[in-house]
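K.L.:
Dropping a prediction and its sequence here:
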Amino acid sequence: KPKKPERKARKLPKDALLQYIKEHPDAYLHEIAAHFGCVISAVHQRLKLFGITYKKKIVVQRKRREATTGIWQ
């Protein structure tokens, strides 16, 4: 009878990750990964699964555009 492969325990439990995001909304992926002891890609994939993505703010985009406008002319 074939045995089922054993799965490793997930390092990113849903409740703990969502709680950390609520407490640290500006945390970078590498900071979250360091907190949970995993790699950045695991955090990114898990957040993507929950529908949490990084959104750029319009104000930042405008400032960058204004700062680089003279470069291309």
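P.N.:
That came through fine. Please read these numbers as outputs of a predicted model, since none were measured by experiment.
K.L.:
my read: residue 29 touches residue 43, true?
P.N.:
Yes. Judged on Cβ atoms under 8 Å, residue 29 makes contact with residue 43 at a distance of 5.1 Å. (Glycine included, C-beta is placed from N, CA and C.)
K.L.:
Neighbour count for these two, which is higher?
P.N.:
The residue with more neighbours, out of residue 29 and residue 43, is residue 43; 25 against 15, by other Cβ atoms under 10 Å.
K.L.:
could you say which helix or strand contains that one?
P.N.:
helix 40-50 (DSSP states H and E).
K.L.:
Skipping adjacent residues, who's closest to residue 30 in space?
P.N.:
residue 40 (5.6 Å; Cβ to Cβ, 6 or more residues apart in numbering).
K.L.:
What segments of the protein are helices?
P.N.:
14-23, 29-36, 40-50, 58-68 (DSSP state H).
K.L.:
got the buried residues for the second one?
P.N.:
What that stands for is helix 29-36. Buried residues in helix 29-36, defined by neighbour count with 16 or more other Cβ atoms under 10 Å: 32, 33, 36.
K.L.:
and it, what other elements does it pack with?
P.N.:
helix 14-23, helix 40-50 (3 or more Cβ pairs under 8 Å, 6 or more residues apart in numbering; DSSP states H and E).
K.L.:
what's the closest of these to residue 6?
P.N.:
Distance to residue 6, taken as Cβ to Cβ, is lowest for helix 40-50 among those, at 18.7 Å.
K.L.:
Could you check how far the residue nearest to residue 17 when sequence neighbours are not counted is from residue 25?
P.N.:
Distances taken as Cβ to Cβ, 6+ apart place residue 46 nearest to residue 17, at 6.2 Å, with adjacent residues excluded. To residue 25, residue 46 is 16 Å away according to Cβ to Cβ, to the nearest Å.
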